[in-house]
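A.B. asks: Structural data only, the sequence is not supplied:
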């Protein structure tokens, strides 16, 4: 660890200016590290807290190259960035976390799934298809059976790029893109482990959480920490998460989403090499937040304590269906009255149906009371526009 890392001239660059970049910048404010961000508009959430905001396109080779050349470390808050530019920056001696080679695999769900197979990491079987016609043909000749899940190989985010096809009535839901198709897994719980690693090889996991997804949007809407599973399942999930981050050889965070099957097996669903929605509760509920831990990982600091300070649930605060425009938050006062409730609004001026506008974490030593508070917030807080 070089002493010069902590000084006013050390620059960390983030590709992406959304809420993850905002919370990462806020986590860095207590340290003397200069944070920079690249995205299309300073009006995005990160632009509200990051003084060094560069307006540009993180998918554009020249924009990413120009942005990264005077940074000491470059990281991402979204996978869909220009990897070719990151590879060039790496070749020029810049530190890029996660490694561009790993990012190249992770951003393509077909390559990601094959990576698990090649490294003996447990995952569900899958097939790769070029287009919707090939999927329909595979159904017709018996190669593919209902029900199944289709995932776009690239570009999927926050539930987009995923189609659950249960039978012939869902035919029109098939996505017209290059994709992977997996059988619909019979699982009892969806789990996630956020694991961190630094350049020295130190690895730490956050406590396993369980997630509930909205069946219409395929987005996490309710998270419980710690997960209500056996000690043996916790140990297995941690072991798989550690093996996965070491196989990808990345520094910073890796969120590993998993299925717990009916026969108590764990299958990797997918990963994200950055702070993740399934780790937002750590800001309030854990000794070290996922955002500080990501910084520790990419700066090669010792990793922080990940213990739970208090059980919690986290709920995403989504734009109400049917409303698009300037956001207002209705019944915020009632929700603030919930015991142990902590609110994080992302500062997005415009709401639209199911857009992530913030999250709330409800802390309580009695997890059932925390769940009750979380359900109340989900039902009561309305993010809409003026009538």
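C.D. replies: Cool, the structure landed. Because the structure is a prediction, the values reported are computed rather than measured.

A.B. asks: ok, for residue 256, nearest residue in space, not its chain neighbours?
C.D. replies: residue 241 (4.4 Å; Cβ to Cβ, 6 or more residues apart in numbering). For every residue, glycine as well, the C-beta is placed using N, CA and C.

A.B. asks: Quickly find the element holding that neighbour.
C.D. replies: Per DSSP states H and E: residue 241 is located in helix 231-248.

A.B. asks: what packs against that helix?
C.D. replies: Contact analysis of helix 231-248 by 3 or more Cβ pairs under 8 Å, 6 or more residues apart in numbering; DSSP states H and E lists helix 100-106, strand 187-197, strand 203-205, strand 252-261, strand 266-272 as its packing neighbours.

A.B. asks: how does the chain divide up, domain by domain?
C.D. replies: Structural domains annotated on the chain: 3-96, 125-183, 187-384, as defined by automatic domain parsing.

A.B. asks: need those domains in JSON lines with distance to residue 105, can you?
C.D. replies: Below are these laid out as JSON lines (distance: least, Cβ to Cβ, whole Å):
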{"stretch": "domain 3-96", "distance to residue 105": "10"}
{"stretch": "domain 125-183", "distance to residue 105": "12"}
{"stretch": "domain 187-384", "distance to residue 105": "8"}
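
A.B. asks: Which of those domains sits closest to residue 114?
C.D. replies: Residue 114 lies closest to domain 125-183 among the domains of the chain, at 8.5 Å (Cβ to Cβ).

A.B. asks: Regarding that closest one, how distant is the last residue from the first?
C.D. replies: The first and final residues of domain 125-183 sit 7 Å from each other (Cα to Cα, to the nearest Å).

A.B. asks: just stretch 352-372 next, same as before
C.D. replies: 26 Å.

A.B. asks: again, but for stretch 89-99
C.D. replies: This stretch, stretch 89-99, spans 11 Å end to end (Cα to Cα).

A.B. asks: and if you look at stretch 349-367?
C.D. replies: Terminal-residue distance, stretch 349-367 (Cα to Cα): 33 Å.

A.B. asks: quick one: that stretch to chain centroid distance?
C.D. replies: On the basis of Cα atoms, centre = their mean, to the nearest Å, stretch 349-367 sits 15 Å off its chain's mean C-alpha point.

A.B. asks: buried residues in that stretch?
C.D. replies: 351-352, 354-364, 367 (16 or more other Cβ atoms under 10 Å).

A.B. asks: In contact with the residue nearest the centre of the chain, which residues are there?
C.D. replies: Nearest to the centroid of the C-alpha atoms of the chain, with distances taken as Cα atoms, centre = their mean, sits residue 276, at 2.8 Å. With contact taken as Cβ atoms under 8 Å, 6 or more residues apart in numbering, residue 276 is in contact with 192, 194, 253, 255, 290.

A.B. asks: Next, the contact list for residue 325, please.
C.D. replies: Residue 325 makes contact with 350-351, 385-386, according to Cβ under 8 Å, 6+ apart.

A.B. asks: now, which of those residues sits nearest residue 342?
C.D. replies: Nearest member of these to residue 342, counting by Cβ to Cβ, is residue 351, at 20.9 Å.

A.B. asks: is it true that that closest one touches residue 358?
C.D. replies: No. With contact defined as Cβ atoms under 8 Å, residue 351 does not reach residue 358; the gap is 10.5 Å.

A.B. asks: and stretch 376-385, how far apart are its ends?
C.D. replies: Span of stretch 376-385 from end to end, Cα to Cα: 21 Å.

A.B. asks: Off-centre distance for it?
C.D. replies: 23 Å.

A.B. asks: Show the average pLDDT along that stretch.
C.D. replies: Stretch 376-385 shows an average pLDDT of 97 in the prediction.

A.B. asks: And for stretch 127-140?
C.D. replies: For stretch 127-140, mean pLDDT is 94.

A.B. asks: which parts of that stretch are buried?
C.D. replies: Across stretch 127-140, burial judged by 16+ other Cβ under 10 Å covers 127, 129, 132, 134-135, 138-139.

A.B. asks: same check, this time on stretch 88-96
C.D. replies: Within stretch 88-96, the residues that count as buried by 16+ other Cβ under 10 Å are 88-90, 94-96.
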